[in-house]
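J.: have a look at this fold, sequence not included:
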């Protein structure tokens, strides 16, 4: 393996699916939010992406079975929305910038083929004082405005690092639309609260109300 | 995206254009000088260069709109001169030497197609005592001499790091002519004075006098 | 040389060979165990793998003869088993993750052509208290169970770093079966004891009893 | 430029040329020895090798003229010997192992085409006490022996780092013959003495006596 490699388990039947990406990062907000969505939608794993730039170790599970680091793709239908959800346990090394671009481009190639035209990346944004808020950045002023009206705070004059930023930036270059939701987190620990806030906001914004007690 | 990618917005009509490159670096002299030139010439943005080796984050502007790091190309006519001006907000990581060569070569491929045969790179050179001076290095002794006669100080027995040096060095290998103007800067802050000196010198040397009060 | 390169000295005649890989690492367990197996089986060197990602120096032997870093492949028959054994004096740099994947994939391409369908990688696992044990991780629960019944301890919820993990993880992706044996070692020195334990366990599990006094 | 690039100024007429390589390194022994040989033979520069892995700066000479980092090839005839001599002002970064292999392979491709079948690399070897000695490692025991008889000390059980080792190791893989001469140096400064010793030894071994007072 000397380049990213995609394994398709089955071909999901999806109508205008929304792509949601949540990867490890600040407070693990993205990854946890993706897992909440997967659970909530009872999403089905249908594909895996491997890359020689992930990490040079294998993980061994509780049954002693090893597997290469990978990104996993899930499909789901929820109300009027179809989703492709991607999460994973790693990101390319921050030293290997080219690998980051390459992997994010492979992801977009794949989800475009599946019909995704709208991209949502979820991550964490480090804050110094705890305050539950979801920030939004977008590919267009109209979209940014729309999600601010739904309750998100504008994320302006900042950076969005790693796959959370690049997937959205590359999507914009391809003429896709989308947004990044950033859960405010102090980032010191896995922040399930911030992840839940980002997840809940996304569900509400898309018309799927979540009860607090989930 | 796994290699540099150029997006052309329109094809400028240019006659014997001079290519001027100003990138971030010591005192941000190159970048600021390029922006001064863009403003002075009322130059029009006509192309963007993206590269997977720039940075693995996206920048978000004051309206919450994200975009990938990029180099921007502007075209302008000023007096008898036509210009292609390039600036940007980043450079490839200093660790990734190959990427530096690759991106600078892509730039030259592009500006050669636009008809540029003369290359000017602008940067800063760190000095210990503040003294407004513009240094020059060139692709030939004749050119170095010509610009010394116009008031620049010879930059000799030194190095020119990053894109400021490589674009010129690679241009020379292609048989293009050009020079590097280095504004003397203490480099501790964005040095608008050094950038203005380099910009003003270039304008004067090309026959476009600038008034002090710009 | 800008990619891995294989040199074949002769084509061994092998029936359903088992591939055994032992590389330098924690306590040098893998490398020493591979050498014990090579000696025990009187295995013959038949191929060498070179890679531009190994190290940028050559080693000079006691006779002043230099050679590039390389992996060496040996073939052997022992009882009912045929073996392809691979060892070496280096691994790609831990910084160069892609090279690790690439080299391990080249190894699997080669041993698959030789007919290997079962992969055993041997390494060390760092422990704080000295206790002679051999841990096992596998490509399937059935295999993990089988080797636990033969006396290995389940290695669960951990990582296996470098080639020891990647060769097995990549083998699993190709539909090959296999396991990783990890000799427990404090890792402070070359641990011949841990290597012998891993070697002995493998021999016994494959039906070749080893006497203690080897 | 995204790979090494060779510029040929003229095609030298050479009979069974010996390739001699001297690059910067410990005490700059290799580079200085190559320059001594170039001067002694009145060798002519006939080719240059550029590589995107050298350094990301250009050097500026005393006349303000910039040039990219490069390796330079010289040809010369001296007594019964023809030489191709290569030196340069840089080596690829020690972090970029693959680039090291790639550049050394390009060098060998080129000098093989010129008819070189015998390779001599010159470098320094760090020692703690000053003692003028020239060490030798070779591609075969016969060659090592031959040059020990001519006065060199066997370099055994060591490493030869960078291009000095790799060019020889890669040459051996191609079936070429050759040796590495290592001038003993404390390495704290450019060591002209060690370089002269290596140069003088090479000349004497090839049948060209050098007077002390050179």
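T.: Everything's here; your move. In this text, all values refer to a predicted model and were calculated from it rather than measured experimentally.

J.: from here on, just use CA atoms for contacts and neighbour counts.
T.: Will do.

J.: in chain A, which spans are strands?
T.: Counting by DSSP state E, one finds strands in chain A at the ranges A:5-8, A:18-22, A:44-50, A:57-60, A:66-67, A:71-78, A:81-88, A:118-126, A:134-138, A:153-154, A:158-161, A:177-185.

J.: between these, which gets nearest to chain C?
T.: strand A:57-60 (4.1 Å; CA to the nearest CA).

J.: hmm, back to that, got the strands of chain A as a markdown table, with mean pLDDT columns?
T.: Converted to a markdown table, those look like this (pLDDT from 0 to 100):
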| stretch | mean pLDDT |
| --- | --- |
| strand A:5-8 | 94 |
| strand A:18-22 | 98 |
| strand A:44-50 | 97 |
| strand A:57-60 | 93 |
| strand A:66-67 | 95 |
| strand A:71-78 | 96 |
| strand A:81-88 | 97 |
| strand A:118-126 | 96 |
| strand A:134-138 | 97 |
| strand A:153-154 | 96 |
| strand A:158-161 | 92 |
| strand A:177-185 | 96 |
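
J.: show me what contacts the residue of chain A found nearest chain B?
T.: Residue nearest to chain B within chain A (CA to the nearest CA): residue A:161, separated by 4.1 Å. Counting by CA atoms under 8 Å, 6 or more residues apart in numbering or on different chains, residue A:161 touches B:56, B:57, B:58.

J.: show me what it is bridged to.
T.: Residue A:161 has these beta-bridge partners by DSSP bridges: residue B:57.

J.: now the longest helix along chain A: buried residues?
T.: Of all the segments of type helix in chain A, defined by DSSP state H, the longest one is helix A:97-113. Of all the residues in helix A:97-113, those buried under the rule 16 or more other CA atoms under 10 Å in any protein chain shown are A:97-108, A:111-112.

J.: of those, closest to chain C?
T.: Checking those against chain C with CA to the nearest CA, the nearest one is residue A:99 at 9.3 Å.

J.: that closest one reaches residue A:55, doesn't it?
T.: No - Residue A:99 lies out of contact with residue A:55 (CA atoms under 8 Å); the separation is 11.6 Å.

J.: find residues that contact each of those two.
T.: Shared contacts of residue A:99 and residue A:55, counting by CA under 8 Å, 6+ apart, come down to residue A:92.

J.: could you measure from the residue lying closest to residue A:88 once chain neighbours are set aside over to residue C:138?
T.: Leaving aside its sequence neighbours, residue A:88 sits nearest to residue A:71 (CA to CA, 6 or more residues apart in numbering or on different chains; 4.3 Å). Distance, residue A:71 to residue C:138, using CA to CA, to the nearest Å: 21 Å.

J.: who has more neighbours out of those two?
T.: residue C:138 (30 against 21; other CA atoms under 10 Å in any protein chain shown).

J.: OK, contacts around the more buried one?
T.: A:64, A:65, A:66, C:144, C:177, C:178, C:179, C:180 are the contacts of residue C:138 under CA under 8 Å, 6+ apart.

J.: just to revisit the earlier point, okay, and the beta partners of the residue nearest to residue A:88?
T.: Going by DSSP bridges, residue A:71 is paired in beta bridges with residue A:49, residue A:88.

J.: so who does it touch?
T.: Here residue A:71 is in contact with A:48, A:49, A:50, A:86, A:87, A:88, A:89, A:90 (CA under 8 Å, 6+ apart).

J.: okay if I get the residues you listed as CSV plus neighbour count?
T.: CSV is the format used below for the contacts of residue A:71 (neighbours: other CA atoms under 10 Å in any protein chain shown):
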residue, neighbour count
A:48, 19
A:49, 20
A:50, 19
A:86, 26
A:87, 23
A:88, 20
A:89, 16
A:90, 15
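
J.: the residue of chain A found nearest chain D and residue B:170: what is the separation?
T.: Closest residue of chain A to chain D, CA to the nearest CA: residue A:95 (12.6 Å). Residue A:95 sits 26 Å away from residue B:170 when distances are taken as CA to CA.

J.: these two: which has the busier surroundings?
T.: Legend: neighbour count by other CA under 10 Å for residue A:95 and residue B:170, higher for residue B:170 (20 against 14).

J.: the more buried one touches residue D:68, doesn't it?
T.: Yes - the pair residue B:170 / residue D:68 is scored as a contact, 7.1 Å apart, by CA under 8 Å.

J.: show me how far stretch A:61-79 is from its chain's centre.
T.: Taking the mean of its C-alpha atoms, stretch A:61-79 sits 14 Å from the chain's own mean (CA atoms, centre = their mean, to the nearest Å).

J.: same question but for stretch A:191-202, I mixed them up
T.: For stretch A:191-202, the separation from the chain centroid amounts to 12 Å (computed by CA atoms, centre = their mean).

J.: go on, stretch A:2-12?
T.: Once both centres are worked out by CA atoms, centre = their mean, stretch A:2-12 turns out to sit 18 Å from its chain's centre.

J.: and that stretch, which residues are buried?
T.: Neighbour-count burial for stretch A:2-12, with 16+ other CA under 10 Å as criterion, is recorded at A:2, A:4, A:6, A:12.

J.: that one near chain C at all?
T.: Yes - using CA under 8 Å from any CA of the partner chain, stretch A:2-12 comes into contact with chain C via residue A:2.

J.: now do the end-to-end distance for that stretch.
T.: 27 Å.

J.: in this structure residue A:83 contacts residue A:21, no?
T.: No - using CA under 8 Å, residue A:83 is not in contact with residue A:21; the gap is 10.3 Å.

J.: quick one: which of those two has more around it?
T.: For the pair residue A:83 and residue A:21, the greater number of neighbours falls to residue A:21 (27 against 22), based on other CA under 10 Å.

J.: who does that one bridge with?
T.: residue A:86, residue A:121.

J.: residue contacts, it?
T.: A:30, A:34, A:85, A:86, A:87, A:119, A:120, A:121, A:122, A:164.

J.: equivalent analysis for residue A:67, please.
T.: Applying CA under 8 Å, 6+ apart, we find residue A:67 in contact with A:58, A:59, A:60, C:139, C:169, C:172.

J.: which one of the buried residues of helix A:97-113 is nearest to residue D:206?
T.: Among these, residue A:98 lies closest to residue D:206 (CA to CA), at 48.9 Å.

J.: get me the contact residues on chain A for chain B.
T.: A:94, A:97-102, A:105, A:136-141, A:144, A:154-163, A:165-166, A:168-170, A:172.

J.: for residue A:119, what are its contacts?
T.: Residues counted as contacts of residue A:119 (CA under 8 Å, 6+ apart) are A:18, A:19, A:20, A:21, A:168, A:171, A:176, A:177, A:178, A:179.
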